[in-house]
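Undergrad: output the structure for:
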Amino acid sequence: MSQDEALAGSGTVPTMVITSRRALFEWVGRGGLECVRGFKRKKSESKLITESLIGCNHTMPELESEAASMASLVVASLSRSFHQVPPSAVPATLDCILASTGLPPLSLFTSFLDDFPRLLKDIIREDENLNSEQCLYLLSLSSAFCHLLKKMGADCDALQSFMYRCFLPLVVVLQASQHDLLNQITEWFMDVVVETRAWGALEVALVPNFLRSVGFSIGMLRSGDLDFYEWSSKPFFQGSYDVIIDPLKDKELLPSSSSTFSLRTSCNVLSVVMEGALQCVQTHTLFKPAGEECCLAINFIKTLIWDLCNMTERMLLHSPDHRSCAVGFFLPILHKAFLANRKFEISIRGQRYEISR
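TA: Numbers count the residues shown, from 1 in each chain. I've put the predicted structure just below:
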């Protein structure tokens with residue numbers, strides 16, 4: 001057993017976390033200190049609750065319900081503190097809270113997920129043009145989501161829930177005037193994908209949505225016969241996601257078939273996603289031989305190169321705005337991608353094709 005594990009088991013916060021918390025206290029002042037002190041006071045309470053439940057022979061659903069209730073309280077307090085806590089301090093704060101309360105990361109993630117529509121609506125109601133405090137709040141909240149996703153590891157369901165219920169609604173809200181903020185959140189999300197190797201989730205839930213928006217803007221109603229990613233005029237959210245999305249919470253925030261992402265935003269997000277995949281490949285091939293993670297990223301890059309090339313060709317034949325986006329977003333990232341993949345093959349519905357620079 002490592003020293004950190006032993007300390008966690010004894011109820012003591014590891015030295016590394018204490019150091020991070022002290023750095024946090026210096027930044028946010030007494031308000032942040034009192035916030036974390038509150039969680040320390042809850043530690044003994046949570047231990048007593050757990051012992052009481054076990055001693056009373058409560059069923060697993062009852063234990064899960066109690067954990068969910070405790071997580072909701074923690075999230076409510078954290079949500080209020082995000083106006084003061086910088087994004088860089090959020091991971092250490094969450095680690096401290098998880099160690100102190102004994103809550104699993106999934107419980108906090110689920111509570112954040114359920115509370116997110118309300119938090120986002122509050123910001124939207126205040127002002128369409130976000131001020132610096134609201135931007136900081138969204139960054140800290142996004143940092144919390146990404147850190148918890150990393151803590152949970154390869155949980156594709158949680159990752160796709162985050163994409164559909166948090167990331168895409170955030171894109172809708174931020175696309176008008178907050179491109180830098182959106183880029184930062186997208187980069188953090190790509191870090192999660194790289195660390196958890198969730199490339200398949202991108203291929204199912206994210207890339208087709210933004211390709212669809214670009215295609216709609218040039219009059220396409222569905223993907224082309226030679227496109228790798230398939231999309232159509234059907235709404236974004238279908239199948240199993242009709243079950244997990246509560247219309248009373250999310251209906252106003254989710255994009256629909258009649259409310260797509262803007263052309264510039266769609267091109268921007270796709271270029272940031274490609275950039276993240278390229279950085280993943282470069283990092284892994286630089287320090288160690290290409291393994292499974294690198295191969296997954298390379299396959300993802302190849303399919304995205306193929307579809308971006310197809311879309312770029314269509315955009316260059318369209319309006320000045322489309323040509324501007326193709327030249328400004330797609331061509332630079334495609335040039336960078338081809339430096340690492342000068343020639344490759346791809347299979348489209350059973351047919352093999354070759355593409356080269």
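Undergrad: any stretches of this protein with poor pLDDT?
TA: 1-68, 125-128, 235-259, 284-293 (pLDDT under 70).
Undergrad: ok, and residue 215, which helix or strand is that part of?
TA: Secondary structure assignment for residue 215, by DSSP states H and E: helix 207-217.
Undergrad: now do the strands in the chain.
TA: 343-348, 351-356 (DSSP state E).
Undergrad: so of those, which one's packed in deepest?
TA: Ranked by mean neighbour count, these are led by strand 343-348 with a mean of 13 (mean count of other C-beta atoms under 10 Å). For every residue, glycine as well, the C-beta is placed using N, CA and C.
Undergrad: show me what that one is packed up against.
TA: Helices and strands touching strand 343-348, by 3 or more C-beta pairs under 8 Å, 6 or more residues apart in numbering; DSSP states H and E, are helix 292-316, strand 351-356.
Undergrad: for residue 171, give me its contacts.
TA: Residues near residue 171 by C-beta atoms under 8 Å, 6 or more residues apart in numbering: 182, 255, 261, 265, 269.
Undergrad: repeat that for 6 Å
TA: By C-beta atoms under 6 Å, 6 or more residues apart in numbering, the contact set of residue 171 is residue 261.
Undergrad: go on, the one 3 residues further on?
TA: If you count contacts by C-beta under 6 Å, 6+ apart, residue 174 has them with 181-182.
Undergrad: apply 10 Å and report the result again.
TA: Listed by C-beta atoms under 10 Å, 6 or more residues apart in numbering, the contact partners of residue 174 are 130, 135, 138, 180-183, 185-186, 265.
Undergrad: before we move on, back to that, need the helices and strands packed on strand 343-348 in a markdown table with distance to residue 112, can you?
TA: Below are those laid out as a markdown table (distance: least, C-beta to C-beta, whole Å):
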| stretch | distance to residue 112 |
| --- | --- |
| helix 292-316 | 27 |
| strand 351-356 | 41 |
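Undergrad: hey, which of the ones you listed is tucked in deepest?
TA: Mean neighbour count, computed with mean count of other C-beta under 10 Å, is highest for helix 292-316 among the helices and strands packed on strand 343-348, reaching a mean of 19.
Undergrad: number of nearby residues for residue 349?
TA: Residue 349 is flanked by 9 other residues according to other C-beta atoms under 10 Å.
Undergrad: so it sits against residue 230, correct?
TA: Yes - here residue 349 reaches residue 230: they are 9.1 Å apart, a contact under C-beta atoms under 10 Å.
Undergrad: what sits against the residue nearest the centre of the chain?
TA: By C-alpha atoms, centre = their mean, the mean C-alpha position of the chain lies nearest to residue 189, the distance being 3.8 Å. For residue 189, the contact set (C-beta under 10 Å, 6+ apart) comprises 142, 145-146, 149, 159, 162-163, 166-167, 170, 202, 206, 269, 272-273, 276.
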